[in-house]
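**Q** With the input below, show me the fold.
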Amino acid sequence: RRWDRYYGRFCCRICRRRWDSAYVFTVAGTKKVLWKQRCQNCTEDDAWTNPFDLELLRCSVCGSQVCECTLDDRFEYCKCPENKRKSNSWVGANIDAKKPHLAHLCQKCLKGFPCNQARLNEGGDEANAGDNEP
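**A** Numbers count the residues shown, from 1 in each chain. You can find the predicted model right below:
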């Protein structure tokens, strides 16, 4: 495994808009984000941002499944007591499964590695792509 998938919270440095994403990828075993996301309201080149908060989609305490979705984007979130957020909700509880991933605002997708078509445990060149702008 070359990377881990996280649930991330973002805040645009330009307009201060906030959003969440279940498509945040880091170097495996670290919190070094590989690809940034862009604010949908801003067109400036520096509207690309890293998340300010990350939560692993696989619980390291109870070992619940790593998400292995390919096209259907199904998650299994851990509901053990150690995995509750400060807001008393589970990681991923606020993700709207009907809301599409905005590929045109995602560096990973723009670099030719679509988030909702890649298996997490298959490495390759995309793990070395870094976080440069597209």
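
**Q** Buried ones in the helix or strand of the chain with the lowest mean pLDDT, by neighbour count?
**A** The weakest-scoring helix or strand in the chain, judged by mean pLDDT, DSSP states H and E, is strand 53-56 (a mean of 84). With burial defined by 16 or more other C-beta atoms under 10 Å, the residues of strand 53-56 counted as buried are 54-56. Bear in mind the C-beta positions are built from the backbone N, C-alpha and C, glycine included.

**Q** Could you list the low-confidence segments of this protein?
**A** Filtered on pLDDT under 70, the chain yields the residue ranges 1, 58-98, 117-134.

**Q** Now do the strands in it.
**A** Secondary structure of the chain (DSSP state E): strands located at 3-11, 18-27, 37-38, 48-49, 53-56.

**Q** in its sheet, what does the last one sit against?
**A** Strand 53-56 sits in its sheet next to strand 3-11 (antiparallel), going by DSSP bridges.
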